[in-house]
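Engineer: structure for the following, please:
(chains A, B and C)
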Amino acid sequence: MAEISFNLPDLGEGLIDAKVLEWLVSVGDYVERGAPIVEVETTKSALELPSPRAGTVARLHAEEDEDIKVGDPLITFEVPDDSAGIVGTVPQQDAEPKRRVRVQLPDDED
Amino acid sequence: MTATESLRTGAGLDGELLRDLYQRMLLTRQLDLEFVTMQRQGVLLGYAPLRGQEAAQVGSGAVVDRARDFVFPTYREVGVAVAMDVDVVGYMATHLGVWNGGAYDPIASRFGAVNAVVAGSVLHAVGWAKGEKLTGSDGVALAYFGDGASSQGDVHEAMNFAGVDRLPVVFFCQNNGWAISVPTARQVAGGSVSARAAGYGFPGVRVDGNDVEAVYLATQEAFARARAGEGPTVIEAMTYRSGPHSTSDDPGRYRELVEENSWIERDPITRLALRLREEHAADEAYFEGALAEARAATESIRTGITETVGRPAEEMFDLVFANRPTTLDQQRDLWRAAAEGEERGDD
Amino acid sequence: MTDAPTTAAPSTTLSMQAAINLALEHALAQDDRTLVFGEDVGKLGGVFRVTDGLQERFGADRVFDTPLAESAIMGMAVGLALHGFRPIPEIQFDGFSYPAMNQIITQLARMHYRTRGAAPMPVTLRLPSFGGIRSPEMHSESLEAIFAHVPGLKVASPSTPTDAYQLLRQSIADPDPVIFMEPKARYWNKAPFDAAMALADTPPIGSSRVVRPGKHVTLVAWGAMVSRCIRAAEFAAEDGVELEVLDLRWLKPIDAAGLAASVGRTRRAVVVHEAPLTAGLGAEVGTLITEQCFGTLRAPVQRVTGYDVPYPPGDLEDHYLPSTDRILSAVQRVLEYRRG
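Structural biologist: This is a model prediction of the structure:
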């Protein structure tokens, strides 16, 4: 078995977080793709998120009433190895940028 | 015609055509529901639902002759695309964030690029229609816009120009009751977009936009007039945006559930199903088969979308001009140097 | 130019969206000639909820929805100003201002001049601006250079909640038209906030602000690029290079003295903006620096900008926007530059 995590997507034009109102599934539940898994509230509205895939719920990453950031893990599924695969990723807004350019002062800098 | 006049309703299309329209409306509905789901699953960046407008879109789009006509859509026209056999996976490239405007061929498909600008393409339809007149051709331009867009100055300019030149253009207004949070009563003075046609000297008709036969017949009639050189028509299809304006919207903040529910009984698909059952001998087996077919097509389109590979970032530069200046080549080189450094992960 | 406020830390934090809402609320309460209007600003509270609750509090005469017509919104603002009101129109997204350009440029910007001063235009156009949120086409435009080029307009863009409050109150109070460009990508980020303190600390129109001091290179930015420059400065600090970050705040009038003061110390400058390169505001900033600091500059001013391409689809956004790496590469170029 493999584990696949689903991150909280941006639910509306630049939102950076959402509050978990109510989990509609529990650890150990088997859910079909498209079945509602959680109700969340953003600054714009409250809505149910449909499961991005079929699988058994392995972990819920937030408590009810807890805020979760866009791009952070929301739920983890346990799925057969051969059906692993990513459904939808959202880049994190102003997430920790990966740095590769270094800078250096010139030798004669006063 | 005035705003108070009764809606035109339709009857008399043959059973085979109605079944084809039904199948396409059903597919449109299934796709629409799936696209909202896919946005909530983080696959699509955003989406503008059309639930409730399937008859208006499919009934009008089905009239188009793809050998000679041209359609100018906005950003809420999946149903028209389905009616015209446009590549829906390519259409959805715009909502996937892969390419603004979609990744299908708008010239070959006779279905213009998805246009994010409200009323942005209505004047293009007039220009295209002028071209048909200048070349002595008999194609018709079909311009889609909404009740909100009807407030834009461009729509007045388009209708006036088309009227002056008696151009072969059909102005198809989907009056879905709401422009985001603003109801038609606060949007359209006088209450009717079609009534404006009288001022421009051509016919305006208001149809029941949830009656696919009425929409089809009104569009067919307008196309016939345009082809015969008799000029433009405004069709105002009265319908209802059953969903939010977009997946970022929350209608609960500005309209009542009672109003939304009142449209359930006027649902265009339920109504057509009833007519097929009562007048065209459609049985349960037919409906089950139709739903299964729509679901299978939806699943295949979903797969196509999830498997869509992003466009190479070079296209950001390569597609700006037909004859690209070297200054832009230089910027592309700078971008590439930066991107390649990233792949090497040099430190 | 003024330094960042150094007064005691306020106890509350607020998002920029909420700070702008508060500025509007205070302006509406203070002066009954102010009006807030635009598409969906009433019952819905704006698509970014920036006008949330204002119609409820001040009524539908002072906070109202307009038909979907941006040219009408700005033309109406001119008429209302002629009548003595202080309009605060909203155009829902940057790219939707294109249909209103005729009214903004040919009417709003020159009415005071045309009337020999008889008709001031105290209009503040609130314009959610710039990119960074993977939005559809026409929802991520950076139009500051276009507006700054029009005689008669002032242009401001905040980078923090406090700045947004100060700049908006100041814009509304000003007798001239101001294009107020709100960085959508920063709407929801929270920061310490105190309205009274913010108001008391407001520097004059045209003031920039050093938001991070440093001695080796000045980074000039505005809007959402300010926080990115601060991040780049944190990275550079790991290498012992101290970058000064100057938030321009006012994009017209530009704080030429503030630029000279900062670059006079650091002797090197990099301008960062989201808008395309050619004829972008970076060219103006670079020239102002060169004019004032030519004798002491150690390297030509560098620009890190968007490319000369339409704002790309969400998928390619990160390729387009200035990254911390691109900023640091430009920093390295000015550091290693040698004359001759």
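Engineer: and the host helix or strand of residue A:6, anywhere near chain C?
Structural biologist: Assigned by DSSP states H and E, residue A:6 belongs to strand A:2-7. No: judged by CB under 8 Å from any CB of the partner chain, strand A:2-7 stays clear of chain C, getting no closer than 14.3 Å. All C-beta atoms are positioned from the backbone trio N, CA, C, and that covers glycine.
Engineer: got the buried residues for that strand?
Structural biologist: A:4, A:6-7 (16 or more other CB atoms under 10 Å in any protein chain shown).
Engineer: list the contacts of residue C:59.
Structural biologist: Not one residue lies near residue C:59 by CB atoms under 8 Å, 6 or more residues apart in numbering or on different chains.
Engineer: count the neighbours of residue C:182 for me.
Structural biologist: 27 (other CB atoms under 10 Å in any protein chain shown).
Engineer: tell me the SS of it?
Structural biologist: strand (DSSP: H, G, I helix; E, B strand; the rest coil).
Engineer: residue contacts, the residue nearest to it when sequence neighbours are not counted?
Structural biologist: Nearest residue to residue C:182 in three dimensions, chain neighbours excluded: residue C:128, at 5.0 Å (CB to CB, 6 or more residues apart in numbering or on different chains). The contact partners of residue C:128, by CB under 8 Å, 6+ apart, come to C:48, C:50, C:92-94, C:182, C:184, C:187.
Engineer: assign a three-state SS to the closest residue to residue B:185 other than its chain neighbours, would you?
Structural biologist: What sits nearest to residue B:185 in space, not counting adjacent residues and going by CB to CB, 6+ apart, is residue B:191, at 6.9 Å. Under three-state DSSP, residue B:191 falls in the coil class.
Engineer: from chain C, how far out is residue B:191?
Structural biologist: The gap separating residue B:191 from chain C is 13 Å, by CB to the nearest CB, to the nearest Å.
Engineer: go on, residue B:211?
Structural biologist: 26 Å.
Engineer: burial check on that residue, number of neighbours?
Structural biologist: Count around residue B:211 with other CB under 10 Å applied: 27.
Engineer: re earlier: report the buried members of the contacts of residue C:128.
Structural biologist: C:48, C:50, C:92-94, C:182, C:184, C:187.
Engineer: from these, which is closest to residue A:76?
Structural biologist: residue C:187 (29.9 Å; CB to CB).
Engineer: point me to the helix or strand that includes the residue lying closest to the closest one once chain neighbours are set aside.
Structural biologist: Excluding the flanking residues, the one nearest residue C:187 by CB to CB, 6+ apart is residue C:17, at 4.2 Å. Secondary structure assigned from DSSP H and E places residue C:17 in helix C:16-30.
Engineer: OK, contacts around the residue nearest to residue C:187?
Structural biologist: So residue C:17 contacts A:43, C:48-50, C:187-188 (CB under 8 Å, 6+ apart).
Engineer: one more: residue B:221?
Structural biologist: Residue B:221 touches B:205, B:233, counting by CB under 8 Å, 6+ apart.
Engineer: ok, it to residue B:159 distance?
Structural biologist: 18 Å (CB to CB, to the nearest Å).
Engineer: what's the answer for residue A:102, then?
Structural biologist: 61 Å.
Engineer: now do the buried residues in stretch B:187-203.
Structural biologist: Buried residues in stretch B:187-203 (16+ other CB under 10 Å): B:187-188, B:192-197, B:200, B:202-203.
Engineer: residues in chain A within reach of chain B, list them.
Structural biologist: Counting by CB under 8 Å from any CB, chain A sits next to chain B at A:6-13, A:34, A:44-52, A:87-90, A:100-102.
Engineer: what of the stretch 151-300 of chain C?
Structural biologist: C:277-278.
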